[in-house]
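Asker: Quick one, fold the following:
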Amino acid sequence: MDLSTPYSRHLAKLKIDRPTQNLQSDTPSGIKNEVKMKQQTNLTLLGGIITAGIVILSSFETATRTHSIGLLVENHTTATPQSEALEVLRHKCNVCHRKQNPFMVFNERNMVKRAKRINRAVFIQKRMPKGDLVKLSNDEYDILKAWLNQISIKQ
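Answerer: Numbering: from 1, shown residues only. A predicted model of the protein is given here:
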């Protein structure tokens, strides 16, 4: 094959890159068809990648939504005195503790260990919660009492 013209070099390259593929003809229209086939293949591949990405993202979103719904259901169906007390501590006590006393922020790991101090400050000395901004409702007091009774802390 004569490789002196750009056209013949292009044909040679096509035949070397794809030795088993036959061109429709050794004319510029055959090259155009080859380019169109490559473009269609690339578009098909790109479409497949986009579709796979959408499927992966939608399955992740569904899993996240299912997990969130599961947590909501779990919180409503398996409420224990400790989990209810933790919610009171998080929403009423940690609001001030986070700013005023960050070493006394309540969480699942430390609330039982601090139960005696909570009982003393809230029920015996009646000095918590401080100030006028945060007040415990009667229900919240009852939740804390039920939790303290469950873990055998006497008022």
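Asker: make it CA atoms for all contacts and neighbour counts henceforth
Answerer: Will do.
Asker: low-confidence ranges in this structure?
Answerer: 1-30, 60-77, 154-155 (pLDDT under 70).
Asker: please redo it, this time with the cut-off set to 50
Answerer: Residues of the chain meeting the criterion pLDDT under 50: 17-20, 23, 66-69, 75.
Asker: That one: helices as residue ranges?
Answerer: Using DSSP state H, the helices assigned to the chain run over residues 6-17, 28-77, 81-88, 94-100, 115-119, 138-150.
Asker: domain ranges for this structure?
Answerer: Domain segmentation of the chain under automatic domain parsing yields 6-76, 81-150.
Asker: Can you redo those as TSV, where the extra columns are mean neighbour count?
Answerer: Putting the domains of the chain into TSV (neighbours: other CA atoms under 10 Å) gives the following:
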stretch	mean neighbour count
domain 6-76	12
domain 81-150	15
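Asker: For Ile153, which non-adjacent residue is closest in space?
Answerer: Distances taken as CA to CA, 6 or more residues apart in numbering put Lys116 closest to Ile153, at 6.7 Å, once the chain neighbours are dropped.
Asker: Please tell me how far that neighbour sits from Asn149.
Answerer: Shown here: Lys116 relative to Asn149, a distance of 11 Å by CA to CA, to the nearest Å.
Asker: Same check on Asn94?
Answerer: In terms of CA to CA, Asn94 sits 22 Å off from Asn149.
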